[in-house]
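>>> got a predicted structure plus its sequence, pasted below:
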Amino acid sequence: MADGDCIAQLGGWVGYRVEAWWHEQRGERRWLAVKLRPAPGEVRRCSGCGEVVAAIHDRTLRRIRDLPVFGAPVELHVERLRLACPRCGPRLERLEWLDPHCRVTRRLADSVARLCAVTSVLHAARWHGIDWKTAKAIDFRALERRLGPVDLDGVRRLAMDEFAIQKGHRYATVVVDAERKRVLWVGRGRSRAEVRPFFDLLGPARCARIEAVAMDMNTAYDLEVRQHCPNARVVYDLFHVIAKYGREVIGRVRVDAANRLRHDKPARKVVKRAHWILLRNPEQLKEAEQVRLDEVLAANQSLMAVYVMKEQLKALWTVPTAWAWRRAWTQWLRHARESGIPALMHFAKCLRPYWRGILSRVRWPMHTGLVEGINNRIKVIKRIAYGFRDDAYFFLKIRAAFPGVGR
């Protein structure tokens, strides 16, 4: 067997034969150049309709990158055929190993896409010796081909949250199928107008089948869900409510208590250093931390009150029935009013309109913990890539990282 035929068979360039091959020295690297010509007697098919076409319209010489051979980069000099298809007009020949108008073979593109899944586009481009824009375009097409349009049929429960996309309070919204744990949609922004495209994509019929949506106390999300999903119940996440309580109530009362102790340096130091102890769950505290907490609470009546009220507020998410929840909620509001603590009274007043979202937790035991985990993974994706310039590409990467699980 001739060397050219052997190389052609190893290369797998179906429909072509090797006319010549040689080595070229380009800088510090030695390249393998292979010239391919159409093999006589092969069946040619139109890339448009897929039908067999015998007439050739014209020929063009193209330079195509292929996978390296023994560490040497490979460049193909391909005589590309444009067929005179009677149905489609002049069209390129369809090849299984090369997409139309591409300058890399399919197997090289597959290798680039696989590498881009675990590292940055820049590293994948350097590994294969191609431009990073070419590597990004290859990965973008591969993601579009693999993911396709998102399947929104059968979606019943959603979880929504925001994540920082850039510095300067620029955010994006991610919507997740809470049952199948897959990302359905990602869009820049967190306002009503910016999340509305998801509900337009979902459509009225599918919106009507949504049963519950978990979220933080984001008014924009709440209003859009109520407008587009008439049968859905909004479920507020415990973590976000307690985090808000910690910032606006416990934090404020602790700072006020420390300011009142400005003339007692040791006591002020103890109160100021109690920030994380007051916010952590009691069962997670070590013995020494529990002793410090008891000392801080015993020395300050206001801190004791807001700390106990925090535990009572958390208990609202574990009440078994709606009637029991109503009694616990009424009692919590009354205690907040009677406490005389301005920060706690203000928080209770602001929280009152959101009672339906807290009560929904009794019927729909949902939370945004899944979305928080996804947000952490999004940070890793962004860090590996050193940031993204293209939102569409970034959002495809997020969807690819969370394809979901079967029902």
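Perfect, thanks for sending it. Residues are numbered from 1 along each chain as shown.

>>> for the rest of this, base every contact and every neighbour count on C-alpha atoms.
OK.

>>> helices or strands next to the one helix or strand residue 329 maps to in the packing?
Using DSSP states H and E, residue 329 maps to helix 322-338. Using 3 or more C-alpha pairs under 8 Å, 6 or more residues apart in numbering; DSSP states H and E, the elements in contact with helix 322-338 are helix 301-315, helix 342-351, helix 355-363.

>>> just the buried positions in the helix or strand following the last one, please.
Right, helix 355-363. Counting by DSSP H and E, the element after helix 355-363 in chain order, helix or strand, is helix 369-384. Residues 370, 371, 374, 375, 378, 381, 382 are the ones in helix 369-384 that count as buried (16 or more other C-alpha atoms under 10 Å).

>>> using PDB, list the CA coordinates for helix 369-384.
Output in PDB follows, covering the C-alpha atoms of helix 369-384 (Å, rounded to 0.1, in the frame of the first residue of the first chain):
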ATOM      1  CA  GLY A 369     -30.800  26.100  48.300                       C
ATOM      2  CA  LEU A 370     -30.500  24.500  44.800                       C
ATOM      3  CA  VAL A 371     -30.100  27.900  43.200                       C
ATOM      4  CA  GLU A 372     -27.500  29.000  45.700                       C
ATOM      5  CA  GLY A 373     -25.500  25.900  44.900                       C
ATOM      6  CA  ILE A 374     -25.800  26.700  41.200                       C
ATOM      7  CA  ASN A 375     -24.700  30.300  41.800                       C
ATOM      8  CA  ASN A 376     -21.600  29.000  43.500                       C
ATOM      9  CA  ARG A 377     -20.800  26.800  40.500                       C
ATOM     10  CA  ILE A 378     -21.400  29.800  38.200                       C
ATOM     11  CA  LYS A 379     -18.800  31.700  40.100                       C
ATOM     12  CA  VAL A 380     -16.300  28.800  39.500                       C
ATOM     13  CA  ILE A 381     -17.200  28.800  35.700                       C
ATOM     14  CA  LYS A 382     -16.600  32.500  35.500                       C
ATOM     15  CA  ARG A 383     -13.400  32.300  37.400                       C
ATOM     16  CA  ILE A 384     -12.000  29.400  35.200                       C
END
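
>>> what residues does that helix touch?
Residues outside helix 369-384 that contact it (C-alpha atoms under 8 Å, 6 or more residues apart in numbering): 119-120, 159-161, 163, 174, 176, 178, 181, 388, 397-398, 402.

>>> please indicate which of the residues you listed are buried?
Buried among the contacts of helix 369-384 (16+ other C-alpha under 10 Å): 120, 159, 160, 161, 163, 174, 176, 178, 181, 397, 398, 402.

>>> show me the shaky parts of the protein.
For the chain, applying pLDDT under 70 flags the ranges 1-11, 406-407.

>>> so it: which segments form each domain?
Listed by automatic domain parsing, the domain ranges of the chain are 1-102, 157-237+367-401, 238-363.

>>> for the stretch 151-300 of the chain, just list every one of the helices.
For the stretch 151-300 of the chain, applying DSSP state H, counting those that start in this stretch gives helices covering 192-208, 219-228, 238-245, 251-260, 265-272, 275-279, 287-299.

>>> Throw the ones you listed into TSV and include distance to residue 100, thanks.
As requested, the helices of the stretch 151-300 of the chain are exported to TSV (distance: least, C-alpha to C-alpha, whole Å):
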stretch	distance to residue 100
helix 192-208	31
helix 219-228	42
helix 238-245	50
helix 251-260	62
helix 265-272	67
helix 275-279	59
helix 287-299	66
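
>>> now those in TSV, with mean neighbour count and distance to residue 16?
Shown next, in TSV, are those (neighbours: other C-alpha atoms under 10 Å; distance: least, C-alpha to C-alpha, whole Å):
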stretch	mean neighbour count	distance to residue 16
helix 192-208	15	45
helix 219-228	17	56
helix 238-245	17	62
helix 251-260	18	73
helix 265-272	15	77
helix 275-279	16	70
helix 287-299	14	75
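
>>> please identify which of the buried residues of helix 369-384 is nearest to residue 215.
residue 371 (9.3 Å; C-alpha to C-alpha).

>>> ok, that closest one to residue 159 distance?
From residue 371 across to residue 159, the span is 7 Å (C-alpha to C-alpha, to the nearest Å).

>>> now do the shared contacts for the two.
Taking C-alpha under 8 Å, 6+ apart as the contact rule, residue 371 and residue 159 both touch residue 176.

>>> quick one: contacts for residue 320?
Applying C-alpha under 8 Å, 6+ apart, the residues contacting residue 320 are residue 362.

>>> I'd like the numbering to begin with 53 instead of 1 from here.
That works, and once the first residue is 53, the last one we named lands at residue 372.

>>> a strand runs through it, doesn't it?
No. With DSSP: H, G, I helix; E, B strand; the rest coil as the criterion, residue 372 is assigned coil and is not in a strand.

>>> what's the spacing between it and residue 379?
For residue 372 relative to residue 379 (C-alpha to C-alpha), the value is 12 Å.

>>> thinking again about what came up before, quick one: the helix holding residue 381 to chain centroid distance?
38 Å (C-alpha atoms, centre = their mean, to the nearest Å).

>>> what comes up buried for it?
377, 380, 381, 384, 385, 387, 388.

>>> quick check: chain neighbours aside, which residue is closest to the first one?
This means residue 377. Once flanking residues are discounted, residue 377 sits nearest to residue 371: 5.6 Å by C-alpha to C-alpha, 6 or more residues apart in numbering.

>>> so residue 112 bridges to which residues?
residue 132 (DSSP bridges).

>>> show the contacting residues for it.
131, 132, 133.

>>> just residue 373 next, same as before
The contact partners of residue 373, taken as C-alpha under 8 Å, 6+ apart, are residue 414.
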